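> have a look; sequence and predicted model below, questions after that.
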Amino acid sequence: MSGTPLVADADRPREGGPDRAIVDVAVGVLVQPNGDFLVTSRPEGKVYAGYWEFPGGKLEQGETVEQALRRELVEELGITIAAAQPWKVELVDYPHSLVRLHFCKVFAWTGELEMREGQTSAWQSLPLQVGPVLPGTVPVLGWLAAERDFAGATY
């Protein structure tokens with residue numbers, strides 16, 4: 001993780017000021033054998049509703065990243081993941097929250113995808129065919145492109 005956060009919507013004021021707490025979030029990058037990865041839309045009623053992201057959610061008190069990711073993916077998608085491989089960490093300064101995103105790759109899970117929060121899902125490859133893309137998702141697309149020797153726009 002770099003020391004400088006990715007600043008989303010820099011023209012907007014930051015809620016809570018400069019001393020706000022960091023919110024830790026577990027994020028799953030679910031990858032199929034053919035390399036396609038899952039993105040989901042943020043449901044109505046949430047900040048950035050309609051934006052596309054990788055699924056996951058906030059860590060609860062005492063949870064590890066993997067525990068939080070397991071819980072969140074059952075709650076949001078109705079699936080149970082196998083191993084979660086820690087991958088990258090990115091600090092994102094959104095107007096509403098300062099978020100530390102813990103990205104994990106997931107290659108195996110059980111259950112059928114079930115959008116339990118009214119969100120939409122899409123299996124994608126690069127470049128993404130859905131949008132708009134949540135600012136915290138953009139670095140992940142770049143990391144995937146670098147791993148896959150993909151040149152060009154990622155979304």
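Right, received. Where do you want to start?
> spit out the contact partners of the most centrally placed residue in the chain.
The residue lying closest to the centre of the chain (CA atoms, centre = their mean) is residue 54, at 3.3 Å. Going by CB atoms under 8 Å, 6 or more residues apart in numbering, residue 54 touches 27, 28, 29, 30, 37, 38, 39, 40, 103, 137, 140. C-betas here are computed from N, CA, C, even on glycine.
> okay, buried residues for the helix or strand where residue 30 lies please.
Using DSSP states H and E, residue 30 maps to strand 22-30. Buried residues in strand 22-30, defined by neighbour count with 16 or more other CB atoms under 10 Å: 24, 25, 26, 27, 28, 29, 30.
> closest to residue 81 among these?
residue 28 (6.8 Å; CB to CB).
> specify the beta-bridge partners of that closest one.
Here residue 28 sits in beta bridges with residue 104, going by DSSP bridges.
> now residue 155: closest residue in space that isn't a chain neighbour?
Of all residues not flanking residue 155 in the chain, residue 128 sits nearest, at 4.1 Å (CB to CB, 6 or more residues apart in numbering).
> isn't the one you found up against residue 153?
No: in this structure, residue 128 is not within contact of residue 153 by CB atoms under 8 Å, at 9.1 Å.
> what about these two, which has more around it?
Neighbour tally, residue 128 and residue 153, criterion other CB atoms under 10 Å: the higher count belongs to residue 128, 18 against 10.
> give the full set of residues in contact with that one.
Residue 128 neighbours (CB under 8 Å, 6+ apart): 39, 52, 141, 154, 155.
> so it: helix, strand or coil?
What DSSP: H, G, I helix; E, B strand; the rest coil gives for residue 128 is coil.
> distance of it relative to residue 143?
14 Å (CB to CB, to the nearest Å).
> with residue 60 instead?
For residue 60 relative to residue 143 (CB to CB), the value is 27 Å.
> ok, those two, which is more surrounded?
More crowded of residue 60 and residue 143, by other CB under 10 Å: residue 143, with 15 against 11.
> I figured the more buried one hits residue 88, correct?
Yes: if you go by CB under 8 Å, residue 143 and residue 88 touch, sitting 6.1 Å apart.
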